[in-house]
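**Q** Provided below for reference: sequence and predicted model.
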Amino acid sequence: MTARAEPTPPAPSGSEPLLRTTDLTRHFRLGGIFSQQVLHAVDDISMEIGEREIVAVVGESGSGKSTLARLLAMLYRPTRGRIYFRGRLLESLRSRRDVLWYRRQVPMVFQDPYSSINPVFRVSHGVMRNLTLHRPELRGAARRAEAERVFEVVGLTPAREMLAKFPYEMSGGQRQRVGFAQALALQPRLILADEPVSMLDVSIRAGILNLMAALREREGVSILYITHDIASARYVADRILVMYGGHVVETGPADAVLADPKHPYTQLLLAAAPDPREPAAVDSAAVAGEPPKVVNPTEGCRFVARCPIAVDECGRVTPRLHSVGVGHAAACHLALADPGWPGGSRDGG
Ligand code: SF4
């Protein structure tokens, strides 16, 4: 029997952003219930995503960016902190109906398209399943027409022929477009795109980045774009969050972060990515050293072992995000504070 998700009326949103988090935190206990080892995958992230906005979350493997995406997808429960969607606290969504309501509006597109495409069915299967489950008002020919429409929107044309293909008959880029089509069939407000281009050839990455920009323009959808490649964020992002060791270390309008990065880690990422036309040449692995595994962390900057400009204070005092410009913040003791920041100490958080 098919479960049907009736739309749940949203709470009045007023001036609320589309999605907002406060002090969002996720820890994992390592090695069993008696272990004292706790991995701090995500610590104290407060962020917002607006309507029709593309926000890029940039960081290396182990930075916590995929854990953040899974928290927002309700695949993990927060250890601490809150998530609000259109003013509604996610913790308050308890019934299956309410969770389906949220997942319809905030679907996820995975790094590996095979995670969300069943290889034994034609690619029409996933789109039709989503339409059946989440949009039961569409039936028969209307359902089929909507499946063709979303395939056309994501560039899989002629749609009727493409819907009849099996995944193995498609290229990696086409399969990733199927993932976006499945999401689009839900009429989402926000798509969580977890490294959607990292497994693709350079030659087809730009096509998927252009697709995300087109979805924002034509369908009015917001996108959280998770990536290890800061160069690709240049193409599509309105705002950038740079993550390191579970913390946001820099955030701001994409133009400001890219033109005038304030955190040494962002500066190193950009130095390794000088040519925005060559995303293949860019990888945060170019930053010397290994990313930290943040287990039972003590006070101090988590970037200190790799930072070329660290001072004594860095190993003793954890830097907090502070304003370094309009809408621009960095968590570094040596990033000069914006004098207009209210209360403005450099570590003012
Ligand atoms: Fe480097 Fe210190 Fe800034 Fe951390 S706080 S990024 S160690 S200068």
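**A** Looks like it came in fine.
**Q** Isn't residue 27 up against residue 38?
**A** Yes. Because the distance of 5.1 Å satisfies Cβ atoms under 8 Å, residue 27 is recorded as touching residue 38. Placement of C-beta: from N, CA and C, glycine included.
**Q** other SSEs contacting the helix or strand where residue 180 lies?
**A** Under the criterion DSSP states H and E, the helix or strand holding residue 180 is helix 172-184. Under the contact criterion of 3 or more Cβ pairs under 8 Å, 6 or more residues apart in numbering; DSSP states H and E, helix 172-184 touches strand 108-109, helix 124-134, helix 140-153, helix 202-219.
**Q** which outside residues touch that helix?
**A** With contact meaning Cβ atoms under 8 Å, 6 or more residues apart in numbering, helix 172-184 is reached by 107-110, 113-114, 116-117, 123, 126-127, 130, 150-151, 153-156, 162, 167, 170, 191, 196-197, 199-201, 204, 207-208, 211-212, 215, 219, 221.
**Q** what do you get if the cut-off is 6 Å, keeping everything else the same?
**A** By Cβ atoms under 6 Å, 6 or more residues apart in numbering, the residues outside helix 172-184 that reach it are 107, 109, 113, 116-117, 123, 126-127, 130, 150-151, 154-156, 167, 191, 196, 200, 204, 207-208.
**Q** what's the next secondary structure element after it?
**A** Past helix 172-184, further along toward the C-terminus, the next helix or strand under DSSP H and E is strand 190-194.
**Q** Neighbouring strands of that following strand in the sheet, and parallel or not?
**A** strand 108-109 (parallel), strand 222-227 (parallel) (DSSP bridges).
**Q** For that strand, buried residues please.
**A** 190, 191, 192, 193, 194 (16 or more other Cβ atoms under 10 Å).
**Q** on that earlier part again, more neighbours: residue 27 and residue 38, which one.
**A** residue 27 (18 against 15; other Cβ atoms under 10 Å).
**Q** So the more buried one, which state does it fall into?
**A** For residue 27, the secondary-structure state derived from DSSP: H, G, I helix; E, B strand; the rest coil is strand.
**Q** Might you report the residue contacts of it?
**A** For residue 27, the set of contacting residues under the criterion of Cβ under 6 Å, 6+ apart consists of 38, 40, 79.
**Q** Quick check: the nearest residue to residue 162 once chain neighbours are set aside vs residue 167, distance?
**A** Computed as Cβ to Cβ, 6 or more residues apart in numbering, the closest residue to residue 162 that is not its neighbour in sequence is residue 156, at 4.2 Å. Residue 156 sits at a distance of 12 Å from residue 167 (criterion: Cβ to Cβ, to the nearest Å).
**Q** same deal with residue 80?
**A** Between residue 80 and residue 167 the distance, using Cβ to Cβ, works out to 39 Å.
**Q** Figure out the helix or strand that residue 71 lives in.
**A** Residue 71 belongs to helix 65-72 when assigned by DSSP H and E.
**Q** Could you give the average pLDDT over that helix?
**A** Summarised as a single mean, pLDDT over helix 65-72 is 95.
**Q** repeat for stretch 163-178
**A** Stretch 163-178 shows an average pLDDT of 93 in the prediction.
**Q** Numbering from 30 from now on, please.
**A** Got it, first residue is 30 now, which makes that one stretch 192-207.
**Q** And for the nearest residue to residue 194 once chain neighbours are set aside, the neighbour number?
**A** Leaving out its chain neighbours, the residue that sits closest to residue 194 by Cβ to Cβ, 6+ apart is residue 152, at 5.6 Å. Here the count is done by other Cβ under 10 Å, and residue 152 has 29 residues near it.
**Q** Got phi/psi on residue 152?
**A** The phi and psi values for residue 152, taken as degrees, to the nearest 10, are phi -70, psi -10.
**Q** again, but for residue 359
**A** phi -140, psi 150.
**Q** Could you give the bridge partners of it?
**A** With DSSP bridges applied, residue 359 shows beta-bridge pairing to residue 279, residue 351.
**Q** Contacts only, for it.
**A** Each residue near residue 359 by Cβ under 6 Å, 6+ apart is listed here: 279, 291, 292, 353.
**Q** In those residues, which residue is surrounded by the most others?
**A** Of all those, the highest neighbour tally under other Cβ under 10 Å goes to residue 279, namely 29 neighbours.
**Q** any low-confidence regions in this structure?
**A** Scanning the chain with the threshold set as pLDDT under 70 gives 30-43, 303-320, 366-378.
**Q** Near the ligand, which residues of it are found?
**A** Applying the criterion Cβ under 6 Å from any ligand atom, the portion of the chain that neighbours the ligand consists of 292-293, 330, 332-333, 336, 338-339, 343, 348, 361-363.
**Q** Kindly provide the distance from the nearest residue to residue 74 once chain neighbours are set aside to residue 355.
**A** Counting by Cβ to Cβ, 6+ apart, residue 74 lies nearest to residue 53, which is 4.5 Å off, once chain neighbours are set aside. The gap separating residue 53 from residue 355 is 24 Å, by Cβ to Cβ.
**Q** who's more crowded, those two?
**A** Using other Cβ under 10 Å, the more surrounded residue of residue 53 and residue 355 is residue 53, with 22 against 10.
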